[in-house]
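Peer 1: Let me see the structure of the following:
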Amino acid sequence: MKLLKDIEDNRQLTEEHMKEFIDILLNPNVKEDNKLKLLKSYTKKEMQQIELTYLVKHLISTMYPVQPYYEGAMCVCGTGGDGSNSFNISTTVAFIVASAGVPVVKHGNKSITSHSGSTDVLQAMGIQTSEVASVIKQLDTKGLSFISATDSYPIMKYIQPIRKQIKSPTIFNLVGPLINPFKLTYQVMGVYDVTQLDKIAQTIKDLGRKRAIVVHGANGMDEATLSGNNIIYEINQNKPIKQYTINAKNYGLTIADNDALKGGTPEENKNIAINILNGNDQSSKKDVVILNAAIALYVAEKAKDIHSGIKLVRHLIDSGQAMKQYLKMGV
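Peer 2: Prediction:
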């Protein structure tokens, strides 16, 4: 297979190469061993930024030649793959951001590299994921919609068994948050792999987001954390990508090791989220949610800066609006 040879030789792949790569992995008639060899080889290869853009755009177009659109829609999602087994931070954040009036279309999946993925905890919460066709109605009535990646991209079922055979994260850990079916206005994407931040930031810009942030959490998490400097790549469509760091201590938040953010089963993570949203949890778990929600509200132009975002998040929790948003989703 010439494509495999090009990958093994670490060549920069063209748009046609990336289409072929995806088409092979999605083809149910290709032997699993051949797919595994191809994906393993690409996982070892040094990925070029333009390859990621080609791959993401082709994956989206296989299912959504014309992407649905909702004015001001946002996704907050991490790549997974950081091995931290943290509780479902971005899912908890989604309720708070939606309670501020930002329409949130959160694209998530079952756990692959952690104890509880976003759809696992939603199931524990009794919250149904939405089919893509019903998302707009869900946003009109509730302001928040959760989409299961396996429902929005059923073709990915041909890749999932291959991914599970590769113990390390693959290109598809990076791709998941990028292939939201909706043409988003805003996005916050957490990334475990610090070496890929610039490539992902440029890909997000290539996708046409108005504003976005890519964040690599201190000490290797795919969320902003409380344990040190978080690396930020800020994307504004008409400006150069800006890089800087933020540290929880500069915002009056608790300083804590990443181990303090560990979760457990979907049921345990559900209880953690509820106690944060209703204001009962005053631990570092609440503070990490405050920080990540503030980043999202800043990106979505609801706060002029992260300091203002933190103030707004505290108000949304203390006033009961965040919990009201959570309860609305079970109706």
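Peer 1: pLDDT score assigned to the residue most central in space within the chain?
Peer 2: Residue closest to the average C-alpha location in the chain (Cα atoms, centre = their mean): residue 77, at 2.1 Å. Residue 77 is assigned a predicted lDDT (pLDDT) of 92.
Peer 1: which residues does it bridge with?
Peer 2: With DSSP bridges as the criterion, residue 77 is bridged to residue 189.
Peer 1: now it: how far from residue 36?
Peer 2: Separation of residue 77 from residue 36 (Cβ to Cβ, to the nearest Å) stands at 26 Å. The way it works is simple: take the backbone N, C-alpha and C, and place the C-beta from them, glycine included.
Peer 1: Please list all residues in contact with the nearest residue to residue 324 once chain neighbours are set aside.
Peer 2: Closest residue to residue 324 apart from its sequence neighbours, by Cβ to Cβ, 6 or more residues apart in numbering: residue 99 at 6.8 Å. Listed by Cβ atoms under 8 Å, 6 or more residues apart in numbering, the contact partners of residue 99 are 143, 316, 321-322, 324-325.
Peer 1: What about these, which one has the most neighbours?
Peer 2: Counting neighbours by other Cβ atoms under 10 Å, residue 322 comes out on top of the contacts of residue 99 with 27 neighbours.
Peer 1: elements contacting the helix or strand where that one lies?
Peer 2: Assigned by DSSP states H and E, residue 322 falls within helix 321-329. Helix 321-329 is packed against helix 89-99, strand 144-148, helix 266-277, helix 306-318, with contacts defined by 3 or more Cβ pairs under 8 Å, 6 or more residues apart in numbering; DSSP states H and E.
Peer 1: contact partners of that helix?
Peer 2: Here helix 321-329 makes contact (Cβ under 8 Å, 6+ apart) with 95-96, 98-100, 125, 127, 142-144, 273-274, 277-279, 315-317.
Peer 1: That helix vs helix 306-318, what angle?
Peer 2: Computed by axes from the mean of the first three to the mean of the last three Cα atoms, to 10 degrees, the angle separating helix 321-329 from helix 306-318 equals 60 degrees.
Peer 1: Let me see the contact set for residue 242.
Peer 2: Residue 242 sits next to 233-234, 236 when contact means Cβ under 8 Å, 6+ apart.
Peer 1: Also residue 43?
Peer 2: Applying Cβ under 8 Å, 6+ apart, we find residue 43 in contact with 166, 168, 170-171.
Peer 1: Over to residue 152?
Peer 2: Going by Cβ under 8 Å, 6+ apart, residue 152 touches 63, 107, 132, 181.
Peer 1: Model confidence score at the residue nearest to the third one when sequence neighbours are not counted, please.
Peer 2: Of all residues beyond its chain neighbours, the one nearest residue 132 is residue 181 (5.0 Å), with distances taken as Cβ to Cβ, 6+ apart. Residue 181 is assigned a predicted lDDT (pLDDT) of 96.
Peer 1: per-residue confidence at the residue lying closest to residue 260 once chain neighbours are set aside?
Peer 2: Computed as Cβ to Cβ, 6+ apart, the closest residue to residue 260 that is not its neighbour in sequence is residue 284, at 4.7 Å. For residue 284, the pLDDT comes out at 97.
Peer 1: where do the helices sit along the stretch 51-200 of the chain?
Peer 2: 89-99, 118-125, 135-142, 149-152, 160-165, 171-175, 197-206 (DSSP state H, counting those that start in this stretch).
Peer 1: Deepest in the core, which of the ones you listed is it.
Peer 2: Of these, the one with the most neighbours on average (mean count of other Cβ atoms under 10 Å) is helix 89-99, at a mean of 29.
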